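**Student:** predicted structure and sequence below. I'll ask about it afterward.
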Amino acid sequence: MTVSESIIPTEITSKEQAQKLIDEHDNFLFDCDGVIWLDEKLIPGVLQTIEYLNSKNKRYVFVTNNSSKSRQDYVEKFERLGFKGITKDMIYPTCYAAAFNLKEHLKVPEGSKIWVLGDSGIEDELREAKYIPVGGTDPRLNEPFDPHHELLKVDPDVRAVVVGSTKDFNYMRIALTLQYLLHDNKGIPFVGANIDRSYPSDGLILPAGGSVVNYMQYTADRDFINVGKPSTTLLDVILEHSKFEKEKTIMVGDTLYTDIKFGIDGQLANSLLVLSGGTTKRYFDSFLTTSYKEEETRSMTPLCYIESFGDIIDLIN
Ligand SMILES: O=C(O)[C@H](O)[C@H](O)COP(=O)(O)O
Ligand SMILES: [Mg+2]
């Protein structure tokens with residue numbers, strides 16, 4: 001069976017459809033890259049549409065598979081791009097999800113050393129959770145690989161490994177991370193920030209965190225705990241903190257196998273795909289006509305889609 005026989009997503013193109021989409025939901029979960037912005041470039045109309053949500057007393061949070069920036073970094077980014085009133089507790093990047101998972105699910109004791117393959121967002125959120133990040137942005141890791149480098153001696157006090165998106169992905173970091181993933185007979189937890197293959201960045205499609213995590217999964221021959229979308233553990237944390245009711249909440253994202261799957265697996269009221277990020281109309285059309293195993297396809301097929309979330313304000317006005 002192809003999807004077109006079972007689920008036909010509705011394209012939002014009229015004032016009535018746009019108004020209904022807003023009126024029917026009290027709470028919005030927004031993905032960031034590809035929905036709100038492309039790197040540092042705000043997607044046109046998004047700020048105005050979110051200001052419209054404010055005027056209607058709608059509630060919303062941001063859930064991003066990006067692990068490179070901390071919640072505080074995002075508060076500053078939202079301010080820089082003109083948003084008002086976005087606070088730390090409204091932002092769920094996977095660096096925070098990783099620290100939360102270590103503490104609340106893996107019960108890794110505070111004060112533990114955590115090996116990081118990733119950027120400063122992970123280090124900052126680990127410190128805020130009272131862990132000691134090692135590796136990460138340590139400048140000594142930028143040196144050429146040397147099998148006798150002092151850092152290659154595993155620190156036995158490291159209690160877990162967190163891997164996320166980074167552009168500082170060199171052999172020194174890869175080799176060191178592998179030592180920790182194999183350490184103690186693969187005994188310490190392997191936390192991955194996301195499963196994302198790539199992400200849209202201002203005209204380019206760039207490798208995303210999942211490509212880094214899967215590299216380490218392959219070389220260490222061990223599975224990882226995905227703390228990013230579509231993990232329902234992350235959704236549970238968000239719903240617990242925000243007290244959003246699933247029945248009145250919609251997920252807005254640009255990636256089928258993370259954002260839309262997150263909303264559907266999480267049994268939210270609705271899922272809106274936007275075509276302003278990593279999913280093009282051409283890809284989406286081919287997805288809808290390609291016969292997949294029905295369950296797999298169904299869990300990634302949005303109920304509705306729109307060119308860009310920023311179009312909402314134009315349709316409503
Ligand atoms: O490099 C990454 O992993 C990207 O930041 C990630 O794919 C973007 O996540 P999003 O904001 O679209 O959830
Ligand atoms: Mg995205």
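**Tutor:** Sure, I can see it. Ligands and ions are numbered 1, 2, ... in the order given.

**Student:** now do the phi/psi pair for the residue in the stretch 151-300 of the chain positioned nearest to ligand 2.
**Tutor:** Using CB to the ion, the closest approach of the stretch 151-300 of the chain to ligand 2 is made by D254 at 4.4 Å. For every residue, glycine as well, the C-beta is placed using N, CA and C. With angles defined as degrees, to the nearest 10, D254 sits at phi -110, psi 0.

**Student:** again with the one 3 residues further on
**Tutor:** When quoted as degrees, to the nearest 10, the phi and psi of Y257 stand at phi -80, psi 0.

**Student:** can you give me the distance of the residue with the largest distance to the centre of the chain to A175?
**Tutor:** Computed with CA atoms, centre = their mean, the residue of the chain farthest from its C-alpha average is H148, at 36.3 Å. H148 is 12 Å from A175, where distance means CB to CB, to the nearest Å.

**Student:** same check, this time on R159
**Tutor:** From R159 to A175 the distance is 20 Å (CB to CB).

**Student:** just Y52 next, same as before
**Tutor:** 50 Å.

**Student:** with E125 instead?
**Tutor:** Applying CB to CB to E125 and A175 gives a distance of 25 Å.

**Student:** swap in L106?
**Tutor:** 25 Å.

**Student:** flag every residue of the protein that's near ligand 2.
**Tutor:** 31, 33-34, 254 (CB under 5 Å from the ion).

**Student:** which parts of the stretch 201-317 of the chain are strands?
**Tutor:** Here the stretch 201-317 of the chain has its strands, by DSSP state E, counting those that start in this stretch, at 204-207, 225-226, 249-253, 270-274, 304-306.

**Student:** just name the most buried of the ones you listed.
**Tutor:** strand 249-253 (a mean of 27; mean count of other CB atoms under 10 Å).

**Student:** quick one: is that one near ligand 1?
**Tutor:** No: counting by CB under 6 Å from any ligand atom, ligand 1 is not contacted by strand 249-253; separation bottoms out at 7.1 Å.

**Student:** sheet-wise, list the partners of that strand with their directions.
**Tutor:** Here strand 249-253 is paired, per DSSP bridges, with strand 27-30 (parallel), strand 270-274 (parallel).

**Student:** export those strands to a markdown table and tack on distance to R197 and mean pLDDT?
**Tutor:** Formatted as a markdown table, the strands paired with strand 249-253 follow (distance: least, CB to CB, whole Å; pLDDT from 0 to 100):
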| stretch | distance to R197 | mean pLDDT |
| --- | --- | --- |
| strand 27-30 | 21 | 98 |
| strand 270-274 | 17 | 97 |
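
**Student:** out of these, which gets nearest to T297?
**Tutor:** T297 sits nearest to strand 270-274 of all those, at 13.5 Å, using CB to CB.

**Student:** run through the stretch 201-317 of the chain and note the low-pLDDT ranges.
**Tutor:** 291-293 (pLDDT under 70).

**Student:** residues in it within reach of ligand 1, list them.
**Tutor:** Close to ligand 1, as judged by CB under 6 Å from any ligand atom, the stretch 201-317 of the chain has residues 208-209, 255.

**Student:** what about those, which are in helices?
**Tutor:** Among those, the members falling in helices are G209 (criterion: DSSP state H).

**Student:** can you pick the most crowded of the residues of the stretch 201-317 of the chain next to ligand 1?
**Tutor:** Most neighbours among these, by other CB atoms under 10 Å: T255, with 29 neighbours.

**Student:** for the closest residue to that one other than its chain neighbours, give me its contacts.
**Tutor:** Once flanking residues are discounted, T255 sits nearest to G278: 5.2 Å by CB to CB, 6 or more residues apart in numbering. Neighbouring residues of G278 by CB atoms under 8 Å, 6 or more residues apart in numbering: 33-34, 198-200, 205, 254-255.

**Student:** thank you, goodbye.
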